[in-house]
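Student: When you get a sec, could you give me coordinates for this:
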Amino acid sequence: MKDDKNNLMLALVLTAAILLGWQFLAPRFFPQLAPKPAATKTVDGKTVAGKNGAGIAAEAPAQKAVPLAQALATTPDAPGGRVAIETPTLKGSLNLTGARIDDLVLTKYKETLDKNSPDVRLFAPGGTDHAHFAGLGWTGQGIKLPDSNTVWTASGTTLTPASPITLSWNNGEGQLFQIDLKVDDKYLFTVDQKVSNSGAGAVSVAPYAYVNRLGIPKDPDSWTIHVGPMGVFDRAADYDVNFDDVDAAGANGIGRTMTGGWLGFTDKYWLSAVIPAQNAKVNGAFRASQGLGGKKLYQANFAGNDTIIAPGKMATSQSMIFAGAKETRTLENYSKFIPMIDYSITWGWFWFFEKPIYKVLIWLVGLVGNFGLAIILLTFLVRGLMFPIAQKQFHSMAHMRIVQPKMKQLQEKYKDDKPRLQQEMMKLYKEEKINPLAGCLPILLQIPVFYALYKVLMLSIEMRHQPFIGWIKDLSAPDPLHILNLFGLLNFTPPAFLGIGVLALLLGFTMWLQFRLNPQQMDPIQQQMFSIMPWIMMFVMAPFAAGLLLYWITSNILTIAQQKLLYNKYPQLKEPLTKLVTHEGPKEAK
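Tutor: Below is the predicted model:
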């Protein structure tokens, strides 16, 4: 029985299955965090099942108060003027017409790798092709309220972490509306909405906040990275709503009653969200309407409950707006008072392993100052920790080869009695103290590390645009040099499945060399599979992030060195099986 070969074959199949079939297995074995179960959602006044049977609350609170259509009509002009926004990470302005934050760029991040690339723009005014902004307001009856055309008066000219501002507007009927705005040194705005009533009678108002965006992000929504509408409702993260769901929900939108949490829109690396006071019960919703240029306008909003303000009194409500990059440490700090905002990074169920890999990688970067070198050191660290297991693997493989004559005898003796053969084989394993699965263990243990590194490369903004050496300018992107365009000399980009670059070639070569060091197989079909597997994996891995290929190439090189060392220690593994099964009195493995 060729158990050592079968173990290696099983390991190869499992590795290929992880790479090619993980998207079908992941939802079953590593499900994303889901909201609390609810069976329906509201679509044009009708109750229907949620997407994929998952729960989307049917409750659609009255959202007529949050002016989606008015926000759509906003133009890029700011006739009322603007207040500048300046922080260590943000630069932009607040539109005094409508009290909207509609102009923000992220000063730490560039759009592309080009040295002249502009900073990433997150917010842009309504009326532009990429409108994306946050706003605030009030609803009420029998009272004149501020709207999208209201021009506010600002207490200052610049909003910074050291200089908050207050926006004021008097409706001329005895009510003064104020918005106190603060911003920290990262991406969080804190808002106090105040209404003072100096009129003759009581008034009723309710605050709201919203984020609008025109069209959908460039980054696709996938099984590993959620892009689109997202929120945390009653301490449950909801990745189940996408733009198609919001489109189908009609005018009522997809509504939620929530206490605490947040909602907004997440891109691969960016997040815009509105965050109510965590002790306040509010009505949240995702809505859509027809926007400019044939695009849909999407809105995430929440509306508070009505508050009656007696004459001479004032009502205050607090909320927050997040607009910025999904930096892991920043979000973890915010999560101390904004529940689960760090879940906007789609780590998934496997977070308990992915985050330690991320933290080790960041620690290594701090030591060497280069993410590529950090990945290489991570590979050394992983393989070093697994070296004792590899020794046991080679010992087990050597022992399996030594007992091949006995296995061959059992196969011939019980060739017509499969159940008895299995019993005798298990008995032999027990007597010889052999674990037939030991040969797979090192590769199986590497699969979680490989997948965790894949998620880190794909999700963490810290890996975005990180160079290694030479032509590798972004470890989170595929190798840019391809054979088919003569490594950039020809002006075209091959399709992903044909984009064989330098790293893919190195991966195929090191994998081929690794298999070449193995003994010749008795079965010609298995030997042929081993011969073509490296080149299949070369094509499979070519579209993946360069950092992932760098990890695998380094791992292959270390495996080759390890094989040279351990084959010298266990010379039985070098002998062809044809010799072992006819050899009498084999030497024991040391």
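
Student: residue ranges with poor pLDDT in the stretch 351-500 of the chain?
Tutor: Within the stretch 351-500 of the chain, the ranges that satisfy pLDDT under 70 run 394-399, 401, 435-443, 488-489, 496-497.

Student: all helices of it, in order?
Tutor: With DSSP state H, counting those that start in this stretch, the ranges of helices along the stretch 351-500 of the chain come out as 351-368, 371-402, 404-413, 418-432, 441-459.

Student: Tell me which of the ones you listed lies nearest to residue 221.
Tutor: Residue 221 lies closest, by C-beta to C-beta, to one member of the helices of the stretch 351-500 of the chain: helix 441-459, at 13.2 Å. The way it works is simple: take the backbone N, C-alpha and C, and place the C-beta from them, glycine included.

Student: and the angle for that closest one with helix 351-368?
Tutor: Angle, helix 441-459 to helix 351-368, by axes from the mean of the first three to the mean of the last three C-alpha atoms, to 10 degrees: 80 degrees.

Student: Now do the buried residues in helix 441-459.
Tutor: For helix 441-459, the neighbour count (16 or more other C-beta atoms under 10 Å) marks 441-443, 446-447, 449-459 as buried.

Student: Need the contact partners of that helix.
Tutor: Contacts to helix 441-459, defined as C-beta atoms under 8 Å, 6 or more residues apart in numbering, come from residues 11, 14-15, 18, 22, 224-225, 268, 345-348, 350, 353-354, 357-358, 361, 375, 378, 382, 386, 389-390, 392-393, 463, 475-476, 544-545, 547-548, 551-552, 555.

Student: so after it, what's the next helix or strand?
Tutor: Counting by DSSP states H and E, the element after helix 441-459 in chain order, helix or strand, is helix 502-516.

Student: For that next one, what does the pLDDT average out to?
Tutor: Helix 502-516 carries an average pLDDT of 89.

Student: Kindly state the domain boundaries assigned to this protein.
Tutor: Listed by automatic domain parsing, the domain ranges of the chain are 3-19+355-580, 55-327.

Student: Any of the contacts of helix 441-459 buried? List them.
Tutor: Buried residues within the contacts of helix 441-459, counting neighbours by 16+ other C-beta under 10 Å: 11, 15, 18, 22, 224-225, 268, 345-348, 354, 357-358, 361, 375, 378, 382, 386, 390, 393, 463, 475-476, 544-545, 547-548, 551-552, 555.

Student: Could you give the separation of stretch 354-366 from the chain centroid?
Tutor: 16 Å (C-alpha atoms, centre = their mean, to the nearest Å).

Student: who touches that stretch?
Tutor: Contacts to stretch 354-366, defined as C-beta under 8 Å, 6+ apart, come from residues 328, 347-348, 371, 373-375, 377-378, 381, 449, 452-453, 455-456, 460, 462.

Student: Against residue 153, how distant is the residue lying closest to residue 130 once chain neighbours are set aside?
Tutor: Among residues not flanking residue 130 along the chain, residue 124 sits closest, at 4.9 Å (C-beta to C-beta, 6 or more residues apart in numbering). Between residue 124 and residue 153 the computed distance is 24 Å (C-beta to C-beta, to the nearest Å).

Student: what do you get for residue 203?
Tutor: Taking C-beta to C-beta, one finds residue 203 at 21 Å from residue 153.

Student: And for residue 307?
Tutor: 23 Å.

Student: higher neighbour count, these two?
Tutor: It is residue 307, of residue 307 and residue 153, that has more neighbours when counted by other C-beta atoms under 10 Å, with 17 against 13.

Student: thinking again about what came up before, and the residue nearest to residue 130, bridged to which residues?
Tutor: Legend: beta-bridge partners of residue 124 under DSSP bridges are residue 132.

Student: who touches it in this structure?
Tutor: For residue 124, the contacting residues are 102, 103, 130, 131, 132, 133, by C-beta under 8 Å, 6+ apart.

Student: Kindly reformat those residues as TSV containing distance to residue 494.
Tutor: TSV is the format used below for these (distance: C-beta to C-beta, whole Å):
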residue	distance to residue 494
102	40
103	39
130	30
131	35
132	33
133	39
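
Student: how about those in a markdown table, adding neighbour count?
Tutor: Putting the contacts of residue 124 into a markdown table (neighbours: other C-beta atoms under 10 Å) gives the following:
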| residue | neighbour count |
| --- | --- |
| 102 | 28 |
| 103 | 21 |
| 130 | 13 |
| 131 | 23 |
| 132 | 24 |
| 133 | 27 |
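
Student: Take the helices of the stretch 351-500 of the chain and write them to a markdown table, including distance to residue 187.
Tutor: Shown next, in a markdown table, are those (distance: least, C-beta to C-beta, whole Å):
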| stretch | distance to residue 187 |
| --- | --- |
| helix 351-368 | 19 |
| helix 371-402 | 23 |
| helix 404-413 | 63 |
| helix 418-432 | 58 |
| helix 441-459 | 17 |
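
Student: among the ones you listed, which is nearest residue 92?
Tutor: Nearest to residue 92 among the helices of the stretch 351-500 of the chain is helix 441-459; the distance by C-beta to C-beta comes to 25.9 Å.

Student: quick one: the strands in the stretch 51-200 of the chain?
Tutor: Using DSSP state E, counting those that start in this stretch, the strands of the stretch 51-200 of the chain run over 82-86, 90-95, 100-110, 119-123, 132-140, 153-154, 158-159, 165-170, 175-183, 188-197.

Student: wait, which of the ones you listed is closest to residue 434?
Tutor: strand 100-110 (54.5 Å).

Student: what's next to the closest one, contact-wise?
Tutor: By C-beta under 8 Å, 6+ apart, strand 100-110 touches 71, 74, 82, 85, 88-95, 117-126, 131-135, 189, 269-270, 321, 323-325, 461, 464-465.

Student: quick one: buried residues of that strand?
Tutor: 100, 101, 102, 103, 104, 105, 106, 109, 110.

Student: From the residues you listed, pick the one nearest residue 409.
Tutor: Nearest to residue 409 among the buried residues of strand 100-110, with distances taken as C-beta to C-beta, is residue 109, at 66.9 Å.

Student: how much space between that closest one and residue 120?
Tutor: With the distance defined as C-beta to C-beta, residue 109 ends up 4 Å from residue 120.

Student: Then residue 302?
Tutor: Distance, residue 302 to residue 120, by C-beta to C-beta: 26 Å.

Student: Neighbours of the nearest residue to residue 144 once chain neighbours are set aside, how many?
Tutor: Once flanking residues are discounted, residue 144 sits nearest to residue 171: 4.1 Å by C-beta to C-beta, 6+ apart. By the measure other C-beta under 10 Å, the count of residues near residue 171 is 16.
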